[in-house]
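Novice: Build the 3D model from these lines:
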Amino acid sequence: MSATALTCIVASDGRRGIENQALGLAEALGRRIPLEIVTEHLARPGMLSRFNAQSARADAAKPERFLWIGCGRAAAAAAAPLRRMRPEAALVYVQDPKRSYGAFDLIVAPSHDGLERDNVVSILGSPNRVSEDKLAKARSAFPHLSALRRPRAAVLIGGKSKRHDMTPVVSAGLFEQFKAMLASGWSLMITTSRRTPEDFTATMRAAFSGDPNVVFWSSEADGPNPYFGFLAYADIAIVTKDSTNMLTEAASAGLPVLYAEAAGEDGKFAQLYAALEARRCAQPFIGPVEPWPVEPLRETERAAEAVLDMLADKGLASRPA
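Specialist: Below you'll find the predicted structure:
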């Protein structure tokens, strides 16, 4: 890393879905200017005070001038004290912090949150780590996926969230749709999450085990995580609608996205689904599955440009010539 690289501290509580949003934004900025990215895991509100002491020592060790990108409640709580201690730093937050709005030089918020402030840039969905380079590396890392018959579907399954639930009825419906796709000639590359009901994961594993047209991954016990490989080799993505991250990651990979229905109320997320449909990135997972041409979603890159503009205004970075 160049000696002139700006240090970028990516702060979160360490949960992958939270950290990856801030890390994806940092990596996109790093494709524009020299950047040394350092991850920092913060205690969630209410955790033991010894973690707060560790955070204070880490704050004292930060360089004189740096960029801080936070995401999640722990980062939101840390921002105002950090601003007071290190006023020369550039502070960016991903999502709606719901507090201390003035502590941030820039807030990158999803448009469906409807956050309107002078220091806010709104994007469709959430920032993510999908890039052409990562997809190319994934193709090399998981070449066995190329042997699957085409067309191939990346099946990205979430689970229970604040608004949605994968009930037994929803799970049974998805299972039947997946079987129908296999029968019609598709290959399935399936990944589950920590929120996926265990019985649904077990049912799919048992049903599809040994099928040469199915690759299934649910944990490190199945080997290295092929998530980016699934995105790289897929012709289409099927995503449960509870996950903003996976929806926008699939769209950012240039895949047409089918979002699977879930129990519950969509609320503000209905705006996200409508916006993705308006861009021809997505449509509901209903009926026969056929891919269609799409333009990759470039919202992370757009957010990185806004961060670069802010850094240039603060004298912390220069735009590439």
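Novice: C-alpha coordinates for whichever helix or strand Ala270 is part of, CSV please?
Specialist: Ala270 belongs to helix 269-278 when assigned by DSSP states H and E. The C-alpha trace of helix 269-278 is given here as CSV (Å, rounded to 0.1, in the frame of the first residue of the first chain):
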residue,chain,number,x,y,z
PHE,A,269,-39.6,-2.2,1.3
ALA,A,270,-42.4,-2.2,-1.3
GLN,A,271,-40.6,1.0,-2.6
LEU,A,272,-37.4,-1.0,-3.1
TYR,A,273,-39.1,-3.8,-5.1
ALA,A,274,-41.0,-1.2,-7.2
ALA,A,275,-37.7,0.7,-7.9
LEU,A,276,-35.9,-2.5,-9.0
GLU,A,277,-38.8,-3.4,-11.2
ALA,A,278,-38.8,0.1,-12.7
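Novice: Not counting that helix itself, show me its contacts.
Specialist: Contacts to helix 269-278, defined as Cβ atoms under 8 Å, 6 or more residues apart in numbering, come from residues 110-112, 124-125, 163, 241, 244, 247, 251, 257, 259, 266, 282-283. All C-beta spots, glycine's among them, are computed from the backbone N, C-alpha and C.
Novice: Below-threshold pLDDT in the stretch 1-150 of the chain: ranges please.
Specialist: Low-confidence segments of the stretch 1-150 of the chain (pLDDT under 70): 1-3, 45-61.
Novice: what ranges do the strands span in it?
Specialist: 6-12, 35-41, 66-71, 90-94, 106-110, 120-123 (DSSP state E, counting those that start in this stretch).
Novice: Quick one: closest of those strands to Ser318.
Specialist: Closest approach to Ser318 among those (Cβ to Cβ): strand 6-12, 10.4 Å.
Novice: Kindly export that closest one (C-alpha atoms) in CSV.
Specialist: What follows is strand 6-12, C-alpha atoms only, in CSV (Å, rounded to 0.1, in the frame of the first residue of the first chain):
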residue,chain,number,x,y,z
LEU,A,6,-5.6,7.4,3.2
THR,A,7,-6.6,5.1,6.1
CYS,A,8,-10.2,4.0,5.9
ILE,A,9,-11.6,2.5,9.1
VAL,A,10,-14.6,0.3,8.5
ALA,A,11,-16.6,0.1,11.8
SER,A,12,-19.4,-2.3,12.6
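Novice: Tell me what angle that strand forms with strand 66-71.
Specialist: Per axes from the mean of the first three to the mean of the last three Cα atoms, to 10 degrees, the angle that strand 6-12 makes with strand 66-71 is 20 degrees.
Novice: partners of strand 6-12, with directions?
Specialist: Taking DSSP bridges as the criterion, strand 6-12 pairs within the sheet with strand 35-41 (parallel), strand 66-71 (parallel).
Novice: May I see these arranged in a markdown table, with mean neighbour count and distance to Ser219 as well?
Specialist: Below are these laid out as a markdown table (neighbours: other Cβ atoms under 10 Å; distance: least, Cβ to Cβ, whole Å):
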| stretch | mean neighbour count | distance to Ser219 |
| --- | --- | --- |
| strand 35-41 | 17 | 21 |
| strand 66-71 | 26 | 24 |
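Novice: want to throw those strands into TSV with distance to Leu25?
Specialist: Shown next, in TSV, are the strands paired with strand 6-12 (distance: least, Cβ to Cβ, whole Å):
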stretch	distance to Leu25
strand 35-41	10
strand 66-71	6
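Novice: ok, then the element right after the helix holding Ala270?
Specialist: Scanning forward in sequence from helix 269-278 by DSSP H and E, the next helix or strand is strand 282-284.
Novice: Would you mind pulling up the elements that the helix or strand just after that following strand packs against?
Specialist: For strand 282-284, the following helix or strand on the C-terminal side (DSSP H and E) is helix 299-313. If you count contacts as 3 or more Cβ pairs under 8 Å, 6 or more residues apart in numbering; DSSP states H and E, helix 299-313 packs onto helix 16-30, strand 66-71, strand 90-94, strand 106-110, strand 120-123, helix 244-252.
Novice: again, 10 Å this time
Specialist: Secondary-structure packing of helix 299-313 (3 or more Cβ pairs under 10 Å, 6 or more residues apart in numbering; DSSP states H and E): strand 6-12, helix 16-30, strand 66-71, strand 90-94, strand 106-110, strand 120-123, helix 244-252.
Novice: tell me which residues of that helix are tucked away?
Specialist: Buried residues in helix 299-313, counted by 16 or more other Cβ atoms under 10 Å: 299-308, 310-311.
Novice: Return the distance of that helix from the chain's centre.
Specialist: Using Cα atoms, centre = their mean, to the nearest Å, the mean C-alpha position of helix 299-313 is found 18 Å from that of the whole chain.
Novice: ok, the nearest residue to Phe208 once chain neighbours are set aside to Ala154 distance?
Specialist: In space, and not counting its chain neighbours, Phe208 is closest to Val214: 4.1 Å by Cβ to Cβ, 6 or more residues apart in numbering. Going from Val214 to Ala154 by Cβ to Cβ, to the nearest Å gives 12 Å.
Novice: These two - which one has more neighbours?
Specialist: Remark: of Val214 and Ala154, Ala154 carries more neighbours, 29 against 20, as counted by other Cβ atoms under 10 Å.
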